[in-house]
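Chemist: just coords:
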């Protein structure tokens, strides 16, 4: 076991992200296959060159499907979404960000969910999505197709290592930023859009005022947040996104099961 730990330390020194790989039994299997090949070569080479070559090729041929099966059925990531509205630093922070259009600083209130990988392998190419399930009466804002969300690392797609926690932006509201479209998007007395989904277009490129299709008017919206991965089952969770009159009152709470 100490030698296995030394090997992991040596790999870390080389820059290999060892935490992305399976637990210690995975290295035991690798050591076993390597030792088997070495034993076959040492025992067979002096006596029969062709036999040694045959056995080495056979072990190599068997090793590939074995690792493929392990990768498919044992080294499997498992994504889970969690949210705690009382953890303001992680889930509901208010930060000062730079406006991409004019370079000015603006206070922004974020709603974020955490995504953890409780499986045995790294989750590759993880993308987040928000979808509207139900909007309040009188509000026609926010289209119902799924929209990509931006991770807090300012990336559309990320890798989540085993036991790692990543943070996904869900919605934002900004001080002194709102958009009005008369009665076109809302039949309420206050037709302003007060919050926006945290899409790459809203945060990084176009800005909230140019994305009414990503905006929310006042009311409670039932939404679904889903995280997809290239090699893991999707993880989904429903929430109630609460948009009020003031920009810093944006909040979210988990949906009751079966609601």
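Modeler: Looks like it arrived, so ask away. Because the structure is a prediction, the values reported are computed rather than measured.

Chemist: can you give me the buried ones in stretch 245-259?
Modeler: Residues of stretch 245-259 classed as buried by neighbour count (16 or more other Cβ atoms under 10 Å): 247, 250, 251, 252, 254. The C-beta positions use only the backbone N, C-alpha and C, and glycine is treated the same way.

Chemist: check stretch 152-161 too.
Modeler: For stretch 152-161, the neighbour count (16+ other Cβ under 10 Å) marks 156, 158, 159, 160, 161 as buried.

Chemist: from the buried residues of stretch 245-259, which shows the smallest pLDDT?
Modeler: Sorting the buried residues of stretch 245-259 by confidence puts residue 247 at the bottom, with a pLDDT of 87.

Chemist: separation between the closest residue to residue 231 other than its chain neighbours and residue 250?
Modeler: Nearest residue to residue 231 in three dimensions, chain neighbours excluded: residue 124, at 5.3 Å (Cβ to Cβ, 6 or more residues apart in numbering). Distance from residue 124 to residue 250, counting by Cβ to Cβ, to the nearest Å: 32 Å.

Chemist: distance of the closest residue to residue 126 other than its chain neighbours from residue 236?
Modeler: Excluding the flanking residues, the one nearest residue 126 by Cβ to Cβ, 6+ apart is residue 229, at 4.8 Å. Shown here: residue 229 relative to residue 236, a distance of 12 Å by Cβ to Cβ.

Chemist: what's the burial count for residue 239?
Modeler: 22 (other Cβ atoms under 10 Å).

Chemist: hmm, I was thinking of residue 147
Modeler: 21.

Chemist: give the contact list for it.
Modeler: By Cβ atoms under 8 Å, 6 or more residues apart in numbering, the residues touching residue 147 are 129, 130, 131, 197, 199, 214.

Chemist: what about the protein, any weak spots by pLDDT?
Modeler: Counting by pLDDT under 70, the ranges of the chain that qualify are 1-74, 99-102, 177-191, 257-259.

Chemist: domain boundaries for it, per the record?
Modeler: Segmentation of the chain into domains, based on automatic domain parsing, reads 2-73, 79-254.

Chemist: which residue ranges form the strands in the protein?
Modeler: 79-82, 94-98, 105-117, 123-134, 147-149, 158-160, 165-174, 179-180, 192-193, 195-197, 215-216, 219-228, 235-243, 251-254 (DSSP state E).

Chemist: tabulate those (CSV), appending distance to residue 206.
Modeler: Formatted as CSV, the strands of the chain follow (distance: least, Cβ to Cβ, whole Å):
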stretch, distance to residue 206
strand 79-82, 27
strand 94-98, 15
strand 105-117, 15
strand 123-134, 17
strand 147-149, 13
strand 158-160, 22
strand 165-174, 13
strand 179-180, 12
strand 192-193, 14
strand 195-197, 11
strand 215-216, 12
strand 219-228, 21
strand 235-243, 20
strand 251-254, 23
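
Chemist: most packed of these?
Modeler: strand 195-197 (a mean of 29; mean count of other Cβ atoms under 10 Å).

Chemist: beyond that strand, next helix or strand please.
Modeler: Per DSSP states H and E, strand 195-197 leads on to helix 200 as the next helix or strand towards the C-terminus.

Chemist: what comes into contact with that following helix?
Modeler: 148, 150, 156.

Chemist: switch to 6 Å and redo it
Modeler: The list of residues contacting helix 200 from outside it, by Cβ atoms under 6 Å, 6 or more residues apart in numbering, reads 150, 156.

Chemist: what of stretch 150-169?
Modeler: The contact list for stretch 150-169 (Cβ under 6 Å, 6+ apart) reads 19-20, 112-117, 122-128, 149, 198, 200, 203.

Chemist: how long is it end to end?
Modeler: Counting by Cα to Cα, to the nearest Å, you get 6 Å between the two ends of stretch 150-169.

Chemist: and stretch 118-129, by the same measure?
Modeler: Stretch 118-129 has an end-to-end distance of 20 Å (criterion: Cα to Cα).

Chemist: identify all contacting residues around it.
Modeler: Against stretch 118-129 from outside (Cβ under 6 Å, 6+ apart): 20, 22, 75-80, 117, 146, 148-149, 157-161, 168, 226-232.
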